[in-house]
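Visitor: Curious how this folds, go ahead:
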Amino acid sequence: MNNKINNKGLLIVPVYNEVDRLDIKSWARISNSKSFDILFVDDGSTDESYSMLRQMQVKNPRISIKKLMKNRGKGNVIYEGIKLSKKLGYNYVGLMDADLSVLPSNLTFGLTKILENSRLFMVSGARIQLAGWNVERTYFRRWAGRLIATLISLVTGITIYDPQSPCKWFNLSNIPIKYFKRPRTRMVL
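Guide: Numbering: from 1, shown residues only. Got it, this is the predicted structure:
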């Protein structure tokens, strides 16, 4: 990753014990994008996830890895990644789950939308239940997510379908880092 201000994005991918779900070939294709670099943040994995990430990094210099020595939770991983992206001069930061639950074309679509409209501060996708697709969530988690999304929509006036979107892009020039506060605790649903 370079240290100059640029209009490229940095995609932050939290990783914790993802050895069974890291698809090296798919991530290699995604890393060929000229629109964004990738930062994998290993959140203290105890399996071989970090080794797999190193294999990918050796083959593509646009992939970076930050290794945390102990598991601190996804919220902390995201905070650390965003803080690092600001330090490195990225104007746009994306968040995506390591399990590739988002089509690669949706990654570039979200970034393109935020680049086209400098007033946008966020573009977010949503996981929705499509016929034949399996989004694994407990009944409680599914309905709690819908309730939270509805409340966010009512308060902000912005339609949110899924607060647990597996893919988001942020325009960091429009958002102070203080809005990405370091979580103090982890909430488990």
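Visitor: Looking at the residue positioned nearest the centre of the chain now. What's its pLDDT?
Guide: Nearest to the geometric centre of the chain sits residue 95, at 1.4 Å (C-alpha atoms, centre = their mean). Listed pLDDT for residue 95 reads 87.
Visitor: what's the answer for residue 171, then?
Guide: Looking at residue 171, its pLDDT stands at 84.
Visitor: returning to what we had before: tell me the contacts of the residue nearest to the centre of the chain?
Guide: For residue 95, the contact set (C-beta atoms under 8 Å, 6 or more residues apart in numbering) comprises 11-14, 78, 81, 167-170. Using the backbone N, CA and C atoms, a C-beta is placed for each residue, glycine as well.
Visitor: Helix or strand: which one has it?
Guide: strand 90-96 (DSSP states H and E).
Visitor: sorry, back to before: closest to residue 65 out of the contacts of residue 95?
Guide: residue 13 (9.7 Å; C-beta to C-beta).
Visitor: Can you report phi and psi for that closest one?
Guide: Phi and psi for residue 13, reported as degrees, to the nearest 10, are phi -120, psi 100.
Visitor: re the thing from before, just how off-centre is the strand holding residue 95 within its chain?
Guide: Using C-alpha atoms, centre = their mean, to the nearest Å, the mean C-alpha position of strand 90-96 is found 8 Å from that of the whole chain.
Visitor: now the helix or strand just after it: how far from the chain's centre is it?
Guide: The helix or strand immediately downstream of strand 90-96 is helix 104-116, counting by DSSP H and E. Per C-alpha atoms, centre = their mean, the displacement of helix 104-116 from the mean C-alpha position of its chain is 13 Å.
Visitor: contacting residues around helix 104-116?
Guide: Contacting residues not belonging to helix 104-116 are listed as 7, 9, 11, 26, 29-30, 33, 35-36, 92, 94, 96, 120, 122-125, 167-171 [C-beta under 8 Å, 6+ apart].
Visitor: how about a cut-off of 7 Å?
Guide: Outside helix 104-116, the residues that touch it by C-beta atoms under 7 Å, 6 or more residues apart in numbering are 7, 9, 11, 29-30, 33, 35-36, 92, 94, 96, 120, 123, 125, 167, 169, 171.
Visitor: The residues you listed, buried ones only, as a PyMOL selection?
Guide: Of the contacts of helix 104-116, the buried ones go into a single PyMOL selection, burial set by 16 or more other C-beta atoms under 10 Å:
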select buried, resi 9+11+30+33+36+92+94+96+123+125+167+169+171
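Visitor: you'd agree residue 69 is up against residue 43?
Guide: No. Using C-beta atoms under 7 Å, residue 69 is not in contact with residue 43; the gap is 9.8 Å.
Visitor: what about these two, which has more around it?
Guide: Ranked by neighbour count (other C-beta atoms under 10 Å), residue 69 and residue 43 place residue 43 first, with 22 against 8.
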